[in-house]
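Enquirer: Curious how this folds, go ahead:
(one chain, ligands or ions: 1)
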Amino acid sequence: MADFDGKVALVTGGGSGIGRATAIAFAREGASVVIGNRNSSAGEAVVKAIQDDGGKASFLRTDVSLQDDVKALVEHAVATYGRLDVAFNNAGIGGAAGPLADQSADNYDEVMGTNVKGVWLSMKYEIREMLKTGGGAIVNNSSVGGLLGFAGVGIYSASKHAVMGLTKSAALEYSAHGVRVNAVNPAVIRTPMAEGLAKMRKIKPDDFSAVHPIGRIGEPEEVADVVLWLCSDKASFVTGTATCVDGGFTIQ
Ligand SMILES: NC(=O)c1ccc[n+]([C@@H]2O[C@H](COP(=O)([O-])OP(=O)(O)OC[C@H]3O[C@@H](n4cnc5c(N)ncnc54)[C@H](O)[C@@H]3O)[C@@H](O)[C@H]2O)c1
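Expert: From the prediction side, this is the model:
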């Protein structure tokens with residue numbers, strides 16, 4: 001029997017990169033997967049890939065920074081598959097790069113809206129559903145930028161620190177009620193977001209290899225494996241943690 005047989009998993013930002021890999025991994029392990037993504041064609045393509053592989057998946061266009069969208073996404077999960085057991089709050093954006101004093105208020109609002117408000121709204125509606133069925137597990141996608149400062153992406157780093165605050169506080173409030181809440185903290189992972197970061201610096205994603213003691217960048221599937229473990233019963237005594245998936249980046 002697969003780890004997630006009969007379970008319902010929600011993935012925000014499941015149309016690309018780490019979210020895409022995690023949605024596919026949940027489906028392969030038996031879960032019915034609900035994908036919320038701002039970009040419809042990308043989200044629908046992942047649903048098709050899962051269905052072609054024999055899995056169960058459904059998509060609803062969602063902007064996680066909008067309360068009504070997030071509420072509708074969780075309602076869609078319950079209406080389609082009857083319950084919600086696990087969630088990966090992954091949708092995130094990098095925003096504009098550059099020194100803090102040069103950043104615009106619009107960029108601040110956009111990054112905080114998706115990366116922080118989006119994670120809070122997602123947990124708000126997911127937790128309400130999970131409490132109805134006796135519990136569940138949530139993983140929020142932070143970053144090594146949620147643990148360390150990063151020159152040139154200060155607003156992004158602040159948003160990912162806020163994800164850690166939300167994760168720890170939710171774990172304190174809901175772990176005793178059966179909802180475990182953890183974070184993953186990836187370093188550079190081979191996704192369109194990392195490609196964008198590399199392009200801005202006029203380098204290739206693999207040029208980031210040297211900053212990781214392990215000697216390479218990460219693959220989205222390597223983050224997905226950790227998310228699935230954190231959402232599984234094998235992690236039954238794990239809550240409120242920052243889980244580095246970073247090739248040793250943060251031990252330097
Ligand atoms: N790639 C990395 O190196 C890396 C490292 C650390 C953390 N992360 C985090 O991982 C998460 C996923 O990043 P990725 O690298 O897979 O990026 P990606 O750009 O490949 O995927 C992000 C997905 O989120 C969706 N999205 C963006 N804003 C949204 C919104 N407001 N509502 C709904 N969907 C939205 C996009 O459409 C896209 O499908 C992000 O939170 C990111 O900060 C990535």
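Enquirer: residues from this protein in reach of the ligand?
Expert: Residues of the chain lying close to the ligand by C-beta under 6 Å from any ligand atom are 12-13, 15-19, 37-39, 42, 62-65, 90-93, 114, 118, 141, 143, 186, 188-189, 191-194. Just so you know, the C-beta spots here come from the backbone N, C-alpha and C atoms, and that holds for glycine as well.
Enquirer: give me the element residue 162 is part of.
Expert: Assigned by DSSP states H and E, residue 162 belongs to helix 154-174.
Enquirer: what does residue 57 give?
Expert: strand 56-61.
Enquirer: Identify all contacting residues around that strand.
Expert: 23, 27, 31-38, 40, 43-44, 46-47, 50-51, 69, 72-73, 76-77, 80-81 (C-beta atoms under 8 Å, 6 or more residues apart in numbering).
Enquirer: Put the alpha carbons of the longest strand belonging to the chain into PDB.
Expert: The longest strand of the chain (DSSP state E) is strand 179-186. Provided in PDB are the C-alpha atoms of strand 179-186 (Å, rounded to 0.1, in the frame of the first residue of the first chain):
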ATOM      1  CA  VAL A 179      -2.500  19.200  12.800                       C
ATOM      2  CA  ARG A 180       1.300  19.100  12.400                       C
ATOM      3  CA  VAL A 181       2.800  22.100  10.700                       C
ATOM      4  CA  ASN A 182       6.400  22.100   9.300                       C
ATOM      5  CA  ALA A 183       8.500  24.100   6.800                       C
ATOM      6  CA  VAL A 184      11.000  23.100   4.100                       C
ATOM      7  CA  ASN A 185      13.900  25.400   3.500                       C
ATOM      8  CA  PRO A 186      15.400  24.700   0.100                       C
END
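Enquirer: Give me the residues contacting the next helix or strand after that strand.
Expert: The helix or strand immediately downstream of strand 179-186 is helix 192-200, counting by DSSP H and E. If you take C-beta under 8 Å, 6+ apart as the criterion, helix 192-200 is touched by 16-17, 92-94, 97, 188, 204-205, 207-208, 217.
Enquirer: Residue 143 and residue 153, how far apart?
Expert: Computed with C-beta to C-beta, to the nearest Å, the distance linking residue 143 and residue 153 is 9 Å.
Enquirer: just residue 56 next, same as before
Expert: Residue 56 sits 37 Å away from residue 153, going by C-beta to C-beta.
Enquirer: Can you check what angle separates the longest strand of the chain from helix 154-174?
Expert: If you take axes from the mean of the first three to the mean of the last three C-alpha atoms, to 10 degrees, strand 179-186 sits at 160 degrees to helix 154-174.
Enquirer: Determine the three-state secondary structure at the closest residue to the ligand within the stretch 51-200 of the chain.
Expert: Among the residues of the stretch 51-200 of the chain, residue 92 lies nearest to the ligand; the distance is 2.1 Å by C-beta to the nearest ligand atom. Following DSSP: H, G, I helix; E, B strand; the rest coil, we place residue 92 in the coil state.
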